[in-house]
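> Prediction below, plus the sequence it came from.
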Amino acid sequence: MITKKNKILVVDDSDNNLFLLEEVLQEYDYSVVTARGGKEALEQITNEVPDLILLDVMMPDYSGYDVLEYLTGQNNQIPVIVISARTANEDIEKAYSLGAKYFIRKPVIITHVLEKIEEVLNNSKN
């Protein structure tokens, strides 16, 4: 039986973060697509809808908040986990108010990221 791999879009302007998350997620048998900013993320979403988005907040073109606002405006149901170094309460609250499922602080603990990915993907299938 062939099973579909879950596709995860990883959005971050840091090549190191993209590389780390892509490598780890592929080891766990996820299909990974990357974007180096919000604008590229929106292009990726338009081309092929991912099952989940891992989204940085601070990026030079469109912020993670801009991407979340776009998804909300499009009534898009793609689950989003925000991963950011911006950890003030107002940043976390803003991410949740725009529809993020979780907010994970950088630097990330990979096992925590994997747990939240699995939780969100399992909940989106129900």
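Here it is on my side, so go on. Residues are numbered from 1 along each chain as shown.

> For Glu93, grab phi and psi.
phi -60, psi -40 (degrees, to the nearest 10).

> Show me what counts as buried in stretch 69-79.
70-71, 79 (16 or more other CB atoms under 10 Å). For the C-beta atoms, the positions are set from N, CA and C on the backbone; glycine is no exception.

> same deal with stretch 119-126?
Val120.

> same question, stretch 12-26
Of the residues in stretch 12-26, 12-13, 17-18, 20-22, 24-25 count as buried by neighbour count, 16+ other CB under 10 Å.

> try stretch 91-111
91-92, 94-95, 98-104, 108.

> Pick the one among those residues closest to Gly38.
Nearest to Gly38 among the buried residues of stretch 91-111, counting by CB to CB, is Leu98 at 12.8 Å.

> Enumerate every residue touching the closest residue to the closest one other than its chain neighbours.
What sits nearest to Leu98 in space, not counting adjacent residues and going by CB to CB, 6 or more residues apart in numbering, is Leu68, at 3.7 Å. By CB atoms under 8 Å, 6 or more residues apart in numbering, Leu68 lies in contact with 55, 80, 82, 95, 98-100.

> where's Leu68 relative to Leu18, distance?
According to CB to CB, to the nearest Å, Leu68 and Leu18 sit 19 Å apart.

> Likewise for Glu43?
Glu43 is 16 Å from Leu18, where distance means CB to CB.

> Same check on Lys7?
For Lys7, the distance to Leu18 - CB to CB - is 15 Å.

> Turn the contacts of Leu68 into CSV, including secondary structure.
As requested, these are arranged in CSV below (DSSP: H, G, I helix; E, B strand; the rest coil):
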residue, secondary structure
Leu55, strand
Val80, strand
Val82, strand
Ala95, helix
Leu98, coil
Gly99, coil
Ala100, coil
